[in-house]
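Q: got a predicted structure here, sequence first:
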Amino acid sequence: MSDFDVVVVGAGPVGLTLAIDLGRRGARTLLLEKDPTTKQYPKMDRSNARTMEFYRRLGIADRVRALGYPADASMDVFIVTRLCDPPLARLHYPSVGEHRARIAACIDASEPLEPYQLVSQNDLEPLLKEVAESTPNVTVRFGRELTNFVQDGKGVSISVKSLDGTQQTIRASYLVGCDGGKSTVRKTLGIELEGQGNIRATRQICFRSESFYENIPIGKGRHYYVTDKEGSAFVVQGTRKEITLNTALPDGADLEQEVRKRAGFDFDFKLLNVSDWKLHLLVAERFREGRVFLAGDAVHLVIPTGGLGMNTGVGDAFDLSWKLAGTVAGWGGPGLLDSYEQERRKVALRNTKASGWAAAGMGMWRKLCRPEVMDDTPEGTALRAEIGQTAELHHRRVHEMIGVELGYSYAGSDLTAFEPDNITDWDTTKYSPHTRPGVRVPHIWLKDGRAMQDVLGDNYTLLDLTGACDTAPLELAFDGIGVPLEIVHLDEAHIRDVYGCSLLLLRPDLHIFWRGEALPLAADQIALAATGHFAMARSVRGAAG
């Protein structure tokens, strides 16, 4: 017998989230992290709306929000010469509180259930670690480095080294590498990254200040992009006390002086950390080999513009966790795990493209920046106006990609039912809710005030919006495979109108497998297809009623 069902390598937000969801689904999970502690300094700073929906499923959304920006804090974005000069452009975005009010009033499913949240990675990870350590079936071990692994037909033997040099071998049924862009797991498998690498080098300067945020002369915001040749940007972290300046300053620069020059006003300053990193647009050629899987930055590296890195990785975790847990439990067919790469590589490629598109938008105004932008002359005034107008038009790409955040679809995967003319692509900047197989079930309010996602459980669910469907044949079909199926009867005419159907079969990740007006006659076939026992195209094509 294996020591664990799943070993997860890498305790960043993706690995921690994966371990938590595996544990709550009953899989004996070991989480290994080579570093002795969680990250000490900021990296990612935004959990998007979809990630916050995932954290709501885990029951921790409010705890995540408590670590970051308060609900009334400004989410505005500035284009500036300095933080003491009139802004060239100010892009307004709703605060979390304003977005919540919009969500509360929405009746057409066009909003997410949760708004985004600014929270720094070095604040988020300790919370996720605490949750993982308290989750049944999860064992967390920091200071443990994977050095090698060998897989066979029954499992994976994993070599692990502790900080004191102690070596041990752990046996698991499956291994998942969530170990970042330099992934040991991916390199051991010999899997290559494809796309554009080493696009640009940059440097992150992290400092702490008690007065910086409170005293910014031009107003509160989350990002301040500076019109210098180094492509600098101030990012206010979730606590508003830690600030990062992302910039291409050369080695040997006086970092404190350079930070103060771009701010243009006085404030207390404590340098915390400086790290160099490179921008990439890369996706792995494959996400799996046998019993070993990859997720997060180990398989996709994107430019930070748009915040699609960690958030895409959390999506990987929620797609993979229930499929691994179902396979471990014995009811998952071979197609269950096969579908992971089908679904998530498609999303990774799409998000990488979107990230590059957003970066190109920012580049449209940055290429206009010249030294005379600081001049108090008619030419300087005209240049500042041109940069501001261009940023107003094109910089919005960076912050307005709700389509890729909420509208992604697994249509075409073997783990979604065939539907003629289904849409396999999605818009980048617009979210148009629908219920075609492959998308997440849209958020909508029930007539009793509950949110749809809150009434749905963690297993397969047949959602009956007529309140009177005879679901016995489908229940028997799922029971015959040993798969939990929950039935939710809701007599909700408004939701039927918005969703455009009466019945929905939902996967455990709340993505839609099938929809219709009446249950298919071949209930056994739809149950088998939904659980990965043979390709959907052969089993459900004629059954999708």
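A: The structure has been received and is ready for your questions. Numbering: from 1, shown residues only.
Q: burial measure for T435, as a count.
A: Residues near T435, counting by other C-beta atoms under 10 Å, number 18. C-betas here are computed from N, CA, C, even on glycine.
Q: report the contact partners of it.
A: Neighbouring residues of T435 by C-beta atoms under 8 Å, 6 or more residues apart in numbering: V441, P442, Y499, G500, C501, L504, I512, R515.
Q: make it 7 Å
A: P442, Y499, G500, C501, L504, I512, R515 (C-beta atoms under 7 Å, 6 or more residues apart in numbering).
Q: same deal with I60?
A: V131.
Q: quick one: it from M52, how far?
A: Separation of I60 from M52 (C-beta to C-beta, to the nearest Å): 10 Å.
Q: could you flag which of the contacts of T435 are buried?
A: P442, Y499, C501, L504, I512, R515 (16 or more other C-beta atoms under 10 Å).
Q: and the pLDDT for the fifth one?
A: At I512, the model reports a pLDDT of 98.
Q: could you check how far it is from A522?
A: Look at I512 and A522: by C-beta to C-beta, they are 19 Å apart.
Q: could you do the third one as well?
A: Note on C501: its distance to A522, by C-beta to C-beta, is 19 Å.
Q: cool, and the fourth one?
A: Summarising the geometry, the distance separating L504 from A522, computed by C-beta to C-beta, is 18 Å.
Q: repeat for the second one
A: Note on Y499: its distance to A522, by C-beta to C-beta, is 23 Å.
Q: does R171 really touch S159, like I thought?
A: No. Using C-beta atoms under 7 Å, R171 makes no contact with S159, being 11.1 Å away.
Q: list the contacts of the closest residue to T38 other than its chain neighbours.
A: Leaving aside its sequence neighbours, T38 sits nearest to E125 (C-beta to C-beta, 6 or more residues apart in numbering; 3.8 Å). Going by C-beta under 7 Å, 6+ apart, E125 touches G12, P13, L16, T38, K39.
Q: just the element for E125, please.
A: Per DSSP states H and E: E125 is located in helix 121-133.
Q: would you mark the buried spots in that helix?
A: Buried-residue list, helix 121-133, by 16+ other C-beta under 10 Å: Q121, N122, D123, L124, E125, L127, L128, K129, V131, A132.
Q: and R63, how many neighbours does it have?
A: For R63, using other C-beta under 10 Å, the count is 15.
Q: need phi/psi at it.
A: Here is the backbone geometry of R63 (degrees, to the nearest 10): phi -70, psi -40.
Q: next: I526.
A: Dihedral angles (degrees, to the nearest 10) for I526: phi -70, psi -30.
Q: hang on, it packs against L519?
A: No. At 8.3 Å, I526 does not count as touching L519 under the criterion of C-beta under 7 Å.
Q: more neighbours, the two?
A: Applying other C-beta under 10 Å to I526 and L519 shows that I526 carries more neighbours, namely 27 against 22.
Q: just say helix, strand or coil for G197.
A: strand (DSSP: H, G, I helix; E, B strand; the rest coil).
Q: quick one: contacts for it?
A: G197 makes contact with H280, L282, according to C-beta under 7 Å, 6+ apart.
Q: same question for R345.
A: V283, F287.
Q: that one sits in which helix or strand?
A: Taking DSSP H and E as the criterion, R345 maps to helix 334-366.
Q: let me know the average pLDDT across the helix or strand that that helix is followed by.
A: Downstream of helix 334-366, the next assigned helix or strand under DSSP H and E is helix 378-394. Averaging pLDDT along helix 378-394 yields 98.
Q: now for helix 378-394, which elements pack on it?
A: In terms of contacts (3 or more C-beta pairs under 7 Å, 6 or more residues apart in numbering; DSSP states H and E), helix 378-394 is packed against strand 77-80, strand 89-91, helix 334-366.
Q: next, format these as CSV and append mean pLDDT.
A: Listed next are those as CSV, based on pLDDT from 0 to 100:
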stretch, mean pLDDT
strand 77-80, 98
strand 89-91, 98
helix 334-366, 97
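Q: could you dump the ones you listed into CSV with distance to Y431 added?
A: Putting the helices and strands packed on helix 378-394 into CSV (distance: least, C-beta to C-beta, whole Å) gives the following:
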stretch, distance to Y431
strand 77-80, 20
strand 89-91, 19
helix 334-366, 13
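Q: out of those, deepest packed?
A: strand 77-80 (a mean of 24; mean count of other C-beta atoms under 10 Å).
Q: parallel or antiparallel, list what pairs with that strand.
A: Strands that pair with strand 77-80, judged by DSSP bridges, come out as strand 89-91 (antiparallel), strand 223-226 (parallel).
Q: export those to CSV and tack on distance to D76?
A: Below are the strands paired with strand 77-80 laid out as CSV (distance: least, C-beta to C-beta, whole Å):
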stretch, distance to D76
strand 89-91, 6
strand 223-226, 8
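Q: still on that earlier bit, return the member of the contacts of E125 nearest to G68.
A: Taking C-beta to C-beta as the measure, P13 is the one of those closest to G68, at 13.2 Å.
Q: was I right to think the closest one contacts K129?
A: No. P13 lies out of contact with K129 (C-beta under 7 Å); the separation is 10.3 Å.
Q: thinking again about what came up before, Q151: which of the strands paired with strand 77-80 is closest?
A: With C-beta to C-beta as the criterion, Q151 lies closest to strand 223-226 of those, at 43.5 Å.
Q: and the helix or strand following that closest one, what other elements does it pack with?
A: Next along the chain after strand 223-226, taking DSSP H and E as the criterion, comes strand 233-236. Contacts defined by 3+ C-beta pairs under 7 Å, 6+ apart place strand 233-236 against strand 223-226, strand 242-247.
Q: mind checking the SS state of the residue nearest the centre of the chain?
A: What sits nearest the mean C-alpha location of the chain, by C-alpha atoms, centre = their mean, is N311, with 1.7 Å. Following three-state DSSP, we place N311 in the helix state.
Q: sec struct for the residue nearest to R46 when sequence neighbours are not counted, please.
A: Spatially, and ignoring its direct neighbours in sequence, R46 is nearest to G307 (4.4 Å; C-beta to C-beta, 6+ apart). At G307, secondary structure determined by three-state DSSP is coil.
Q: right, and G307 touches K43 too?
A: No. Checked against C-beta under 7 Å, the pair G307 and K43 is beyond contact range at 11.5 Å.
Q: these two - which one has more neighbours?
A: Neighbour count, other C-beta under 10 Å: between G307 and K43, G307 has more, with 23 against 20.
Q: so how far is Q167 from that one?
A: To Q167, G307 is 39 Å away according to C-beta to C-beta.
Q: ditto for G326
A: Plainly put, G326 is 33 Å away from Q167 if you go by C-beta to C-beta.
Q: the more surrounded of those two?
A: G326 (25 against 9).
Q: all helices for the stretch 1-150 of the chain, in order.
A: Using DSSP state H, counting those that start in this stretch, the helices found in the stretch 1-150 of the chain span residues 13-24, 49-57, 61-66, 96-105, 121-133.
Q: and the angle for the longest one with helix 49-57?
A: I take that to be helix 121-133. Counting by axes from the mean of the first three to the mean of the last three C-alpha atoms, to 10 degrees, helix 121-133 points 30 degrees away from the direction of helix 49-57.
Q: related to what we said a few turns ago, top of the contacts of E125 by number of neighbours, please.
A: Result: L16 is most packed of the contacts of E125 (other C-beta under 10 Å), 30 neighbours.
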